[in-house]
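structure of the sequence below:
(one chain, ligands or ions: 1)
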Amino acid sequence: MTGYFCLLAFLVILLVELVFYVIVSTTLENQARDRITSIGKEIEADMHYPHGLEASIMRNRREGVNVLLITRDWRVVAPSDYDSERNFYEELKDRPVINAGVGFCEIYRLGKTVNYVSKVDYAGEPHYLLVSYSVAIIYETVTSLQIYLLIIGLTLFLLALLFSMAFSKKLTGGLQVMSDTAVNLARGDYSVQFANADYKEMAQLSDTLNYVRDEVKKSEDFQREILANVTHDLKTPLTMIKAYASMIKEISGDDKLKREKHLQVIIDEADRLTGLVNDVLSVSKLQSNITEIRPKVFNLTDLVYGIIDKFGYLQESQGYSIMVDIDPNTYTRADEEKINQVLYNLIGNAANYTGADKTVFVSLKVSLDGKRVKFSVRDTGKGIPKEALPEIWNRYYRVKENHNRPVKGTGLGLSIVKAILENHAFDFGVESDVGKGSTFWVDFPAVPDTPENI
Ligand code: ADP
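Residues are numbered from 1 along each chain as shown. Here you go, the predicted model:
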């Protein structure tokens, strides 16, 4: 970072120096050219007056401008004392100005002088007028200004270097602390705190990392909970199966009635195990998104009736009643198998948690505009406390002591329902009155039962 900073500072200084040199030197040079040309023209005009040439030469000499009038064969005509112009004369003597036509004028820069040469008529003869003055002072000024600028530049460069070193130390120091904290987090220390408020972006990064920490912790807690729940849920039926199998072996083997009863317990517990394993599999599949949704149009009414039929055993053997209010021939477009799982879970829950009257109400109604079909299932149970409502859709969440009949649940059912319905982008929800019961609902898109749909 310091390196980039220095490079930038260096480039800026270089650019300033260059721009300064080009602009200042060309401006000064142009000014010098203009000046020498106008002096030359002035002398050309003056020399037509008597003594005008000598007077003009003397005046210009005082201002550091050298003037020579020479014949074509390089004999000096004016000034009469041309010692101070001698150097200029010598220098110009070798220049190819001789071929210039009358009135021609050219400016030569010889060494550090600016020169004007023109062919003039003097006393009826062709002559050369040579004008010159030194620009050394200009170049000295430019050079010394450049040196000042360089000194200023270098000072700025050093300041930039110091500043960038201090700044990057502060920044990388903050990042280093964050990185160390992240390593601790990776090692499983969830008490770490990402804190850095020096810069807005760093503060944002800290917030994000703190959020990540919370989420990672939550997910780990979840996993731990799942493991504990699954092991617990597996253990209970296995213990029961083993206990009843031993009982049959040792006690009830010959007693048909008892044996049947005990075998039924084993079958029920094995069913429970199967249900649990299926639920766990569904959750993990849905979570890892390996189950894709395969939508097709199907008869929702038939599906609901089919599910209610499956609960027939509850009605027959345990006195449950399922009251229905179902519109005929409703169609929707969804993954039938998964919707079956959803509705089965919801009706199963209603039966699980309904009140002493053992009644469950299932309804399937098409909306007035015919565009939606709403499924709902109501029970008369204890209901769900308001604060638990958002939680019940989470994996392994169970409202304490809500179960009516011996619990078959795993706490996974509603999380499966949620995942499936979210994958379909269907609306769903629950309304519950503590003490009165709950209603779970799902809003399906209605598909017209035209032959091409069916
Ligand atoms: P479970 O297998 O325990 O039923 P679910 O995910 O299906 O798991 O439901 C989560 C929790 O939500 C249940 O344990 C229960 O406490 C509560 N719940 C679900 N359905 C109902 C209902 N119809 N009435 C009251 N509570 C319910």
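
for residue 269, give me its contacts.
Counting by CB atoms under 8 Å, 6 or more residues apart in numbering, residue 269 touches 237-238, 240-241, 244. Backbone N, C-alpha and C define where each C-beta goes, glycine included.

could you redo the last one with a cut-off of 10 Å?
The contact partners of residue 269, by CB atoms under 10 Å, 6 or more residues apart in numbering, come to 236-244.

tell me the two of those residues that are most distant?
236 and 244 (12.6 Å; CB to CB).

who's more crowded, those two?
Under the criterion of other CB atoms under 10 Å, the comparison of residue 236 against residue 244 puts residue 244 first, with 21 against 14.

stretch 181-190: end-to-end distance?
Terminal residues of stretch 181-190 lie 10 Å apart, using CA to CA, to the nearest Å.

just the buried members of the contacts of residue 269?
When these are checked for burial by 16 or more other CB atoms under 10 Å, the buried set is 237, 240-241, 244.

looking at those residues, which is nearest the ligand?
Ranked by distance to the ligand (CB to the nearest ligand atom), these are led by residue 237 at 14.1 Å.

part of a helix, is the closest one?
Yes - using DSSP: H, G, I helix; E, B strand; the rest coil, the assignment for residue 237 is a helix.

now do the contacts for it.
Residue 237 makes contact with 265-266, 268-276, according to CB under 10 Å, 6+ apart.

which of these are buried? Put it as a ChimeraX command.
One line in ChimeraX is enough to select the buried ones among these; burial here means 16+ other CB under 10 Å:
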select :265,266,268,269,272,273,275,276
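
just give the closest residue to residue 60, not the sequence neighbours.
Once flanking residues are discounted, residue 60 sits nearest to residue 67: 5.5 Å by CB to CB, 6 or more residues apart in numbering.

packing partners of the helix or strand harbouring residue 179?
Element membership of residue 179, judged by DSSP states H and E, is helix 136-186. Contacting helix 136-186 under the criterion 3 or more CB pairs under 10 Å, 6 or more residues apart in numbering; DSSP states H and E are the following elements: helix 2-46, helix 200-247.

the ligand: which of those is closest?
helix 200-247 (9.6 Å).

what angle do the helix or strand following that closest one and helix 200-247 make?
Downstream of helix 200-247, the first helix or strand assigned by DSSP H and E is helix 256-287. Using axes from the mean of the first three to the mean of the last three CA atoms, to 10 degrees, the direction of helix 256-287 lies 160 degrees away from that of helix 200-247.

can you lay out the helices and strands packed on helix 136-186 as TSV showing distance to the ligand and mean pLDDT?
Listed next are those as TSV, based on distance: least, CB to the nearest ligand atom, whole Å; pLDDT from 0 to 100:
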stretch	distance to the ligand	mean pLDDT
helix 2-46	56	81
helix 200-247	10	83
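
among those, which is nearest residue 434?
The nearest among the helices and strands packed on helix 136-186, by CB to CB, is helix 200-247 at 25.1 Å.

quick one: buried residues of the helix or strand where the residue nearest to residue 60 lies?
Using DSSP H and E, the element containing residue 67 is strand 65-71. Across strand 65-71, burial judged by 16+ other CB under 10 Å covers 65-70.

before we move on, what about stretch 328-347?
Buried residues in stretch 328-347 (16+ other CB under 10 Å): 330-336, 338-347.

what about these, which are in helices?
Within these, residues falling in helices by DSSP state H are 336, 338-347.

just the residues you listed now: which is nearest the ligand?
residue 345 (5.9 Å).

name the nearest of the buried residues of strand 65-71 relative to the ligand.
residue 65 (104.6 Å).

state the helix or strand in which the spatially closest residue to residue 344 that is not a sequence neighbour lies.
Counting by CB to CB, 6+ apart, residue 307 is the residue found nearest to residue 344 once chain neighbours are left out, at 5.2 Å. Element membership for residue 307 (DSSP H and E) is helix 300-310.

pull out the buried positions in that helix.
So for helix 300-310, counting by 16+ other CB under 10 Å, buried means 300-301, 303-304, 307-308.

show me what contacts the closest residue to the ligand within the stretch 201-350 of the chain?
Nearest to the ligand in the stretch 201-350 of the chain, going by CB to the nearest ligand atom, is residue 349, at a distance of 3.6 Å. Residue 349 makes contact with 360, 377, 379, 381, 392, 402, 409, 413-414, 417, 430, 438, 440, according to CB under 10 Å, 6+ apart.

can you tell me if the helix or strand harbouring residue 377 touches the ligand.
Per DSSP H and E, residue 377 falls inside strand 372-379. Yes - for strand 372-379, a contact with the ligand is found by CB under 6 Å from any ligand atom, at residue 379.

tell me the strands beside that strand, with direction?
Applying DSSP bridges, strand 372-379 is found paired with strand 359-366 (antiparallel), strand 437-445 (antiparallel).

pick the one among the contacts of residue 269 closest to residue 388.
Relative to residue 388, and with distances defined as CB to CB, the nearest of the contacts of residue 269 is residue 236, at 23.5 Å.

what residues are up against that closest one?
269, 272-273, 276, 407.

before we move on, the earlier item: for the strand holding residue 67, what is the distance to the chain centroid?
76 Å (CA atoms, centre = their mean, to the nearest Å).

before we move on, the earlier item: I'd like the next helix or strand past the helix holding residue 307.
helix 312-318.

give me the mean pLDDT for that next one.
Averaged over helix 312-318, pLDDT sits at 76.

give me the angle between the helix or strand following it and strand 372-379.
Per DSSP H and E, helix 312-318 leads on to strand 321-326 as the next helix or strand towards the C-terminus. If you take the same axes, to 10 degrees, strand 321-326 sits at 170 degrees to strand 372-379.

partners of strand 321-326 in the sheet?
If you go by DSSP bridges, strand 321-326 pairs up with strand 359-366 (parallel).

wouldn't residue 303 be in contact with residue 338 here?
No - using CB atoms under 10 Å, residue 303 is not in contact with residue 338; the gap is 11.2 Å.

pLDDT below threshold where in the stretch 51-200 of the chain?
84-85, 87-89, 91-111, 196-197 (pLDDT under 70).
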